[in-house]
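**Student:** compute the structure for the input listed below.
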Amino acid sequence: MRFPTPLIPATLIQRYKRFLADCRLDDGREVTAHCANPGSMLGLVEPGMRIWLEPNDDPKKKLKYGWRLVEHASGDFTGVDTSVPNCALKAALEARQIAALAEYSEVRAEVKYGQNSRIDFLLRGEGLPDAYVEVKSVTLSRQPGLAEFPDSVTARGAKHLRELGDMAEAGHRAVMLYLVQRTDCDRFALAADIDPTYAAEFKAAAARGVERLVIGTKITPEGVEVGQPFID
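**Tutor:** All right, here's what the predicted structure looks like:
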């Protein structure tokens, strides 16, 4: 998935009210950018961090910039926009680029199921059980090379695990897909110290037949592409 508009570098001043970030452009101007990430963004919101913004000239949008990436001192990137994973994954699923799900020919997004929920992707293929795929964007890393989820307590995430378990017990395929939006990680773990309830719900869901799939990404200021699965 390529960014529609070329990104521009900036320096983070502060993130506040979850969806707002004050930033300083390289020419010295200060602007406010939309932050499309409801999580805590632990480790990614320190003032002075180098970030990348996407400008827009849409008259319907109050903010003329969207925060897309963090660039780390190592030169690695983290994608902070939680809408990006589903866009990148949809293209990869339709192109059958994800080996574990490549047999499915039909990809439907945002399908209603469970208790007033929508599954990120419902996959169908002739002679195959329907596959319910829930996607989570992973941006937390507290140890070198290790990506973790979640970065804050997520009751909604726990609800999704229970509903995936229901689908698995009904005879469908149920997949919890963690897309790691960091280029500096090759391992994954659940952050049980941050949300022990979520970790317990995942263990229960796995016992009911829910699969876990962890996939990396290739990230540059030009765009985000789905990478290779992590070895679990």
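**Student:** what does the domain assignment say about this structure?
**Tutor:** When the chain is parsed with automatic domain parsing, its domains come out as 8-79, 84-229.
**Student:** centroid-nearest residue for this structure?
**Tutor:** Residue closest to the average C-alpha location in the chain (Cα atoms, centre = their mean): Ser137, at 1.8 Å.
**Student:** I'd assumed it was in a strand, is it?
**Tutor:** Yes. Counting by DSSP: H, G, I helix; E, B strand; the rest coil, Ser137 is part of a strand.
**Student:** okay, and the beta partners of it?
**Tutor:** Listed by DSSP bridges, the beta-bridge partners for Ser137 are Leu179.
**Student:** circling back: mean pLDDT and distance to Met1 added to the domains of the chain, as TSV?
**Tutor:** Heads up, the C-betas are built off the backbone N, CA and C, glycines and all. Listed next are the domains of the chain as TSV, based on pLDDT from 0 to 100; distance: least, Cβ to Cβ, whole Å:
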stretch	mean pLDDT	distance to Met1
domain 8-79	96	10
domain 84-229	96	4
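**Student:** hey, which of the ones you listed is tucked in deepest?
**Tutor:** domain 84-229 (a mean of 18; mean count of other Cβ atoms under 10 Å).
**Student:** endpoints of that one, how far apart?
**Tutor:** 18 Å (Cα to Cα, to the nearest Å).
**Student:** likewise stretch 206-214?
**Tutor:** Taking Cα to Cα, stretch 206-214 runs 14 Å from one end to the other.
**Student:** just how off-centre is it within its chain?
**Tutor:** In terms of Cα atoms, centre = their mean, to the nearest Å, the centre of stretch 206-214 is set 18 Å apart from its chain centre.
**Student:** and what of stretch 11-26?
**Tutor:** Mean-position distance between stretch 11-26 and its chain equals 20 Å (Cα atoms, centre = their mean).
**Student:** one step back: to Arg2, which of the domains of the chain lies closest?
**Tutor:** Across these, the minimum distance to Arg2, taken as Cβ to Cβ, is reached by domain 84-229, at 3.8 Å.
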